[in-house]
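> Sequence and predicted structure, then a few things I'm wondering about:
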Amino acid sequence: MIIKIANGTNSIVGYLVIFILWLLSGVAAIYEISHGFLLWNIVPLLKVVIGEIFILITGLALLYFLARHKFIGMSNTLPAIIYMVFCVGISVSEGFMEHHISVFMLLLVSERLVSLHNATHNYLKVFGIGLLLGGLIMISPSLIGLLFIYLIGLALVTTFGWRDFIIPLFGIGSVVLFYFTIAYLLDREVVIYHFNFSYPKFNLGLTFHEIILTSISIFEFLFLVKLFAAIEKKNIKSRIHYWIWIWATIFLFISFLFFQEEFEKEKLILFLAMPMAIFSTEFFISIKRVFLRELAFVILSILLIFLRIS
């Protein structure tokens, strides 16, 4: 039913589903930080509210960008619905607000890179990509591996020259310089980020929580398999878009592997929500029987809900 609504011609119902899922995410988040609505603390509450606002903004911006570049139809709301379902499944944790702001900035970086396809050299836009990446790294230092995404993206969309390599570095450097300057003027202590090496811990005695995580990972793997089966049939611009997000997924995994004190599977799933929402379109299209499409969506939703409460 949901997949049919998302791919239907009545986009109003699709946006209603997005809004309902967003409300569920927000209510669950506030419930978690307030210990059952009984203990209020204005600081984490404000951060959660801002994080939830960015969830909605990111979901709507995703649909706008995909429709603008003609990757989906104007009435297709499936990617945002899948993104919201993933967000419903992620509990509030440290850096909740920062993480969702970072996901939004990563979406902006992808859109800027795709918009450079078949365009003359736009050094201002390339500089802006550097600014966005610099801001993303300042907000979430552990995602420093994503800095390399601009190299891959520019190599995919335009003739690669030395200026394309240098200009984003000026953008990144400008944000870093601004951050340290403000910290110095305000006499704030600047914490230098310590790089750590982490690794996934494999346990033969799987807990219920780990079984849920494994099941969600299987869905994500299937999304990628179906994407690779369909990607070569797409036009050049669509292939570029998919490959940017494939590389973003790789760099996200590298960031969580090398630049985290501990390999946090839940946060990795949160950051993979965006690329998986994009990849999932091909997965659900490939399932011909309506019943099986809806069943797959329901199973994924149940798994993510159980992930949050487990």
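Perfect, I can see it now. Values in this document were obtained by computation on a predicted structure and should not be read as measured data. Numbers count the residues shown, from 1 in each chain.
> Run a quick check on L147 versus I137, I expect a contact.
Yes - at 6.5 Å, L147 counts as touching I137 under the criterion of C-beta atoms under 8 Å. In this view, the C-beta of every residue, glycine as well, is placed from N, C-alpha and C.
> out of these two, which sits in the busier spot?
Neighbours per residue, other C-beta atoms under 10 Å: of L147 and I137, the larger number sits with I137, 23 against 18.
> Apart from its chain neighbours, what residue comes closest to that one?
Residue nearest to I137 in three dimensions, not counting chain neighbours: I144, with 5.4 Å by C-beta to C-beta, 6 or more residues apart in numbering.
> Quick one: low-confidence residue ranges for this structure.
Counting by pLDDT under 70, the chain has low-confidence residues at 1, 8-10, 35-43, 120-121, 159-162, 189-205, 259-263.
> list the contacts for the residue most central in space within it?
Residue closest to the mean C-alpha point of the chain, counted by C-alpha atoms, centre = their mean, is M274 at 3.2 Å. Residues counted as contacts of M274 (C-beta atoms under 8 Å, 6 or more residues apart in numbering) are T58, L62, Y83, V103, L106, L107, W245.
> what are the phi and psi angles of the nearest residue to S11 once chain neighbours are set aside?
Excluding the flanking residues, the one nearest S11 by C-beta to C-beta, 6+ apart is S75, at 4.1 Å. Backbone geometry at S75, expressed as degrees, to the nearest 10, gives phi -90, psi 0.
> which SS class is H99?
Assigned by DSSP: H, G, I helix; E, B strand; the rest coil, the conformation of H99 is helix.
> Now do the contacts for I302.
Taking C-beta under 8 Å, 6+ apart as the test, I302 contacts no residue whatsoever.
> quick one: which helix or strand includes it?
helix 290-309 (DSSP states H and E).
> which helix in the protein runs the most residues?
helix 42-68 (DSSP state H).
> Give the buried residues for it.
44, 47-48, 51-52, 54-56, 58-63, 65-67 (16 or more other C-beta atoms under 10 Å).
> What about E294, how many residues nearby?
16.
> Was I right to think it contacts I2?
Yes - A contact is recorded between E294 and I2 when judged using C-beta under 8 Å, the distance being 6.8 Å.
> which residues of the stretch 1-150 of the chain fall in helices?
For the stretch 1-150 of the chain, the helices defined by DSSP state H, counting those that start in this stretch occupy 2-6, 11-33, 42-68, 78-88, 96-115, 123-139, 149-157.
> Please work out which of those helices is packed deepest.
Counting by mean count of other C-beta atoms under 10 Å, helix 78-88 has the highest mean neighbour count of those, with a mean of 26.
> what's the spacing between that one and its chain's center?
Put simply, helix 78-88 sits 10 Å off its chain's centre (C-alpha atoms, centre = their mean, to the nearest Å).
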